[in-house]
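K.L.:
next comes the sequence, and after it the predicted model I'd like to discuss.
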Amino acid sequence: MKIAGITVWHLDLPLSKPYWLSGGRLKFERLDSTIVRI
């Protein structure tokens, strides 16, 4: 099988509510996502 092309998209997916890490020092309001089509 030969790869004819690769397409890459970048998306920021919003969260329904903020997510806190490290005892409240890091706050995430969206997730960084990459989608690859081969």
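P.N.:
Sure, I can see it.
K.L.:
which stretches of this structure have low pLDDT?
P.N.:
Across the chain, nothing is flagged by pLDDT under 70.
K.L.:
ok, longest strand in it?
P.N.:
Within the chain, and with DSSP state E defining each element, the longest strand by residue count is strand 7-21.
K.L.:
which residues touch the most centrally placed residue in the chain?
P.N.:
Nearest to the centroid of the C-alpha atoms of the chain, with distances taken as Cα atoms, centre = their mean, sits Ser33, at 1.7 Å. Shown in contact with Ser33 (Cβ atoms under 8 Å, 6 or more residues apart in numbering): 10-13. The C-beta positions use only the backbone N, C-alpha and C, and glycine is treated the same way.
K.L.:
of all those, which two lie farthest apart?
P.N.:
Largest separation among the contacts of Ser33 by Cβ to Cβ: His10 and Leu13, giving 10.7 Å.
K.L.:
now do Ser33 against Tyr19, distance only.
P.N.:
Spatial separation of Ser33 from Tyr19 under the definition Cβ to Cβ, to the nearest Å is 14 Å.
K.L.:
oh, that last question was meant for Glu29, not what I typed.
P.N.:
Between Glu29 and Tyr19 the distance is 8 Å, computed by Cβ to Cβ.
K.L.:
cool, Trp9 as well?
P.N.:
Taking Cβ to Cβ as the criterion, Trp9 is separated from Tyr19 by 23 Å.
K.L.:
neighbour-wise, which of these two wins?
P.N.:
Neighbours were tallied for Trp9 and for Tyr19 using other Cβ atoms under 10 Å; the higher tally belongs to Tyr19 (12 against 9).
K.L.:
who does Leu31 bridge with?
P.N.:
With DSSP bridges as the criterion, Leu31 is bridged to Leu13.
K.L.:
start the count at 23, not 1, going forward
P.N.:
Renumbered: residue one is now 23, and that last one reads Leu53.
K.L.:
wait, it touches Leu37, no?
P.N.:
Yes. Taking contact to mean Cβ atoms under 8 Å, the distance of 6.7 Å between Leu53 and Leu37 places them in contact.
K.L.:
what about Arg52, how many residues nearby?
P.N.:
Residues within reach of Arg52, counting by other Cβ under 10 Å, total 12.
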